[in-house]
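Q: Sequence and computational prediction follow.
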Amino acid sequence: MKRLRSSICRLPAGVLLAALGMAGVLTSAAAGAVDSLDERLPNNFPFFNSAGAAATFSTAGFVDLTNAFHVPQGSNGRSCESCHLPEVGWSIRPIDVELKFFLSGGTDPIFNPLDANSPTPDESSLAAKRASYSMLRKGLFRRGGNVPAGAEYEIVAFDDPLGAGGSKTAFQAFRRPLATANFHIAMNVGWHDQNTNGSGNVHDGLLNQALGNITGGQGGSTPTQDTLESIASYELGLSFAQQFSFEAGSLTACGAKGGPEPLSAQQPVFGPFDLFDTWKGVKPGSCGLKSVDRKRAQIARGQDIFNSVNPNNGRSCNGCHNASNNGSNINGTLFDIGVSQAKFRQPGMPLYTVKNKISGAERQTTDPGRALRSGRWIDMDKFKVPSLRGLSARAPYFHNGIAPTLRDVVRHYEMELKFEFSEEQEEDLIAFLQAL
C-alpha cells in the first residue's frame, strides 16, 4: 500500500482504505486487494462524487497505473498524474490540491514554481509557501505566453496583482487542467487549441503535449518516442463518465446508455444526446422504485432541454456541444462564452486591456484564449468545447474555474448567452448534466 498511502489523493475511497489499513483494520487479503489498485484499476471501478459515482473504462482492459503517464519522467517528482487524477475525471479539484499541501507540508511535487502565483514564489516558511500557491490551491495553474509576432492586437495596459509575469508583451493567466480522457471524441487537446492547432490530429497533439510536459513541467530530458507513444495511446484509450446516480441508480438501467463503457464505443459523430431516451416519460414504478423512476424521467427531460432550441435566444446547448453523447465540438470549433470578461475576474487573476491595431477597438480580458496562439482579434477569448462526461467529478467549471457548481454554469449561460429556463427546467437540466 506504499503508493496509495504516499499519494492519498489517489482515491476518495482509497483514503478510507489507507486509513483502515494503517489502523490495522484491513485483513491481509483486503490489504493485498488494495495493493493491486496501486498498479491497475479494473474497468468501471467506481469513485464517489456529490451526485453518485463515476468510473473509467480503458480499451486496454484495465486502467494501467504503471503507464508512463503515472510515473515521474523528470527530476522534480511530477508526473502527468500529478495534475490529472483518475478519481476526479482525470483533472484535479481545489480540495485535492489542498489535501496534497496539508498531507505533505507543502512538499508534494505539484508545488513547483512553474505553477506558483509568480515565477519567484516566497517559500521561506510554510505559511509563505501556502500563500505563494493560493491560485494553485484553487485548482488553477499558471499558463501564458508572448503576444505572437504580427498579432492583430497589442496589450496597452495590464494589472498583475500577484506578479504572475504579465506585461505589455506577454500574457499570464490561471487555468483549470482539462480532463485527459474521452480524447477518442475530440478534435483538439488544449484550452486554446495548442498542440493540435486546429489540425484535428489528436494523437500527434497528445504526443506534443506529453513531450512538453516531460521536458517542461516534469523537468526531464527528451523522452524516447516509445515513452511518448505509451502516454498518448493510453490517454486515447480512456473514457470517463458518471455511471451511478444516488437518486436514479444505475445510469444503464432500463435501456439507458450512461457510464464509461458505452462511451468508449461511441463514434465521433455530429448529433444530440440520446443516452436517456428510454427514460422519457417513464411511468413511476415501471422500471424501479417510484422515486427512482421520477428522477430518471427528470434526467430525460433535461436531455431534451439540452438538445432543444431555446425560444429566448434561438440557440441550443447541443449547438456547440454537438459531438453525440460526449458534448465536445465535432469540428473542434472554439467559442467565446464570456468567461474571460473583466466582470468575472476572480481575486489574483491578471487583467489585460488589449487593442485592435486596425480598428482601435479595446476590450479587457483575464485570458485571451485562442488569440494567444493565432494572434487574431477574432479569436480573442475563444476556448475549447470540452467533453461534458463525468462533470460531477471535476468542479469547478470553465477554463478559469469561475463556476463552482453546475447550477452556476447554467446561470452563466442564462446571463451571458440569453438562455431562458424556468426553475423546473433548470433543475431538469442540472439533473441531466450530473448524470453525464
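A: Structure received.
Q: Show me the strands in the stretch 151-300 of the chain, by range?
A: Using DSSP state E, counting those that start in this stretch, the strands found in the stretch 151-300 of the chain span residues 153-159, 170-175, 238-245, 249-250.
Q: could those strands be laid out in a markdown table, adding mean pLDDT?
A: Below are these laid out as a markdown table (pLDDT from 0 to 100):
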| stretch | mean pLDDT |
| --- | --- |
| strand 153-159 | 98 |
| strand 170-175 | 98 |
| strand 238-245 | 98 |
| strand 249-250 | 98 |
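Q: Can you check which of these gets nearest to N201?
A: Closest to N201 of the strands of the stretch 151-300 of the chain, according to CB to CB: strand 238-245, at 18.2 Å. Any C-beta I mention is one placed from the backbone N, CA and C, and that applies to glycine too.
Q: circling back to that earlier point, identify, out of the strands of the stretch 151-300 of the chain, the most deeply packed stretch.
A: Of all the strands of the stretch 151-300 of the chain, strand 238-245 carries the top mean neighbour count, a mean of 26, counting by mean count of other CB atoms under 10 Å.
Q: how about P86, what does it touch?
A: By CB atoms under 8 Å, 6 or more residues apart in numbering, P86 lies in contact with 10, 41, 47, 56, 63, 65.
Q: between those residues, which has the most around it?
A: Highest neighbour count within the contacts of P86: T56, with 29 neighbours (other CB atoms under 10 Å).
Q: Run through the bridge partners of that one.
A: Beta-bridge partners for T56, by DSSP bridges, are F240.
Q: how near is it to F62?
A: Plainly put, T56 is 10 Å away from F62 if you go by CB to CB, to the nearest Å.
Q: Overlap in contacts, these two.
A: Residues touching both T56 and F62 (CB under 8 Å, 6+ apart) are 41, 43.
Q: coming back round to it: narrow the contacts of P86 to those in strands?
A: Assigned to strands by DSSP state E, the following of the contacts of P86 qualify: 41, 47, 56, 63.
Q: wouldn't the second one be in contact with A55 here?
A: Yes - taking contact to mean CB atoms under 8 Å, the distance of 6.7 Å between F47 and A55 places them in contact.
Q: neighbours around D122, how many?
A: 13.
Q: actually P113, not the one I typed
A: P113, neighbours per other CB under 10 Å, totals 15.
Q: Does it touch Y133 like I think?
A: No - using CB under 8 Å, P113 and Y133 do not qualify as a contacting pair, with a distance of 9.5 Å.
Q: so what sits against both of those two?
A: Contact with both P113 and Y133 is made by residues P121, according to CB under 8 Å, 6+ apart.
Q: Flag the shaky bits of the stretch 1-150 of the chain, pLDDT-wise.
A: 1-36 (pLDDT under 70).
Q: Okay, the residue nearest to S82 when sequence neighbours are not counted and K295: tell me how far apart.
A: Leaving out its chain neighbours, the residue that sits closest to S82 by CB to CB, 6 or more residues apart in numbering is I110, at 5.0 Å. Going from I110 to K295 by CB to CB gives 37 Å.
Q: ok, now L206?
A: Distance from L206 to K295, counting by CB to CB: 37 Å.
Q: Next up, the contacts around I110.
A: Contact analysis of I110 by CB under 8 Å, 6+ apart lists 78, 82-83, 97, 100, 136.
Q: Distance of it relative to E123?
A: Separation of I110 from E123 (CB to CB) stands at 14 Å.
Q: Which stretches in the stretch 101-250 of the chain count as helices?
A: For the stretch 101-250 of the chain, the helices defined by DSSP state H, counting those that start in this stretch cover 126-132, 202-212, 225-236.
Q: quick one on the thing from earlier: out of the contacts of P86, which one sits closest to L263?
A: Nearest to L263 among the contacts of P86: T56, at 10.1 Å, using CB to CB.
Q: gap between the closest one and A393?
A: Applying CB to CB, the value for T56 to A393 is 10 Å.
Q: Check Q218 too.
A: Separation of Q218 from A393 (CB to CB): 25 Å.
Q: More neighbours: these two, which one.
A: Taking other CB under 10 Å, Q218 and A393 do not tie; A393 has more neighbours (28 against 24).
Q: just checking, the more buried one touches G89?
A: Yes - with contacts counted by CB under 8 Å, A393 reaches G89, the gap being 3.9 Å.
Q: Need the overlap of contacts for the two.
A: Jointly contacting A393 and G89 under the rule CB under 8 Å, 6+ apart are 54, 240.
Q: So which bits of stretch 103-110 are buried?
A: Buried residues in stretch 103-110, defined by neighbour count with 16 or more other CB atoms under 10 Å: 103-104, 106, 108-110.
Q: brain fart, stretch 251-269
A: Neighbour counts over stretch 251-269 (16+ other CB under 10 Å) mark 251, 253-254, 256-264, 266 as buried.
Q: Could you do stretch 55-65 as well?
A: Neighbour counts over stretch 55-65 (16+ other CB under 10 Å) mark 55-58, 63-65 as buried.
Q: Let me see the ranges of the helices in the stretch 301-436 of the chain.
A: For the stretch 301-436 of the chain, the helices defined by DSSP H, counting those that start in this stretch cover 317-320, 371-374, 406-416, 423-434.
Q: mind putting the ones you listed in a markdown table, mean neighbour count and distance to S308 included?
A: Below are the helices of the stretch 301-436 of the chain laid out as a markdown table (neighbours: other CB atoms under 10 Å; distance: least, CB to CB, whole Å):
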| stretch | mean neighbour count | distance to S308 |
| --- | --- | --- |
| helix 317-320 | 18 | 8 |
| helix 371-374 | 22 | 32 |
| helix 406-416 | 17 | 14 |
| helix 423-434 | 19 | 10 |
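Q: can you tell which of the ones you listed is closest to V202?
A: So among the helices of the stretch 301-436 of the chain, helix 371-374 is nearest, using CB to CB, at 16.6 Å.
Q: For T196, report the pLDDT, please.
A: Note on T196: pLDDT of 73.
Q: Return the distance of it relative to T333.
A: For T196, the distance to T333 - CB to CB - is 13 Å.
Q: same check, this time on F240
A: The gap separating F240 from T333 is 23 Å, by CB to CB.
Q: Serialize the contacts of P86 to TSV and add fields for distance to G144.
A: Shown next, in TSV, are these (distance: CB to CB, whole Å):
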residue	distance to G144
R10	30
L41	34
F47	32
T56	31
V63	32
L65	32
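Q: Out of the residues you listed, which comes closest to A170?
A: Using CB to CB, R10 is the member of those that lies nearest A170, at 35.9 Å.
Q: if we can go back for a sec, could you tell me which of the buried residues of stretch 251-269 belong to helices?
A: Using DSSP state H, 260-264 are the members of those that sit in helices.
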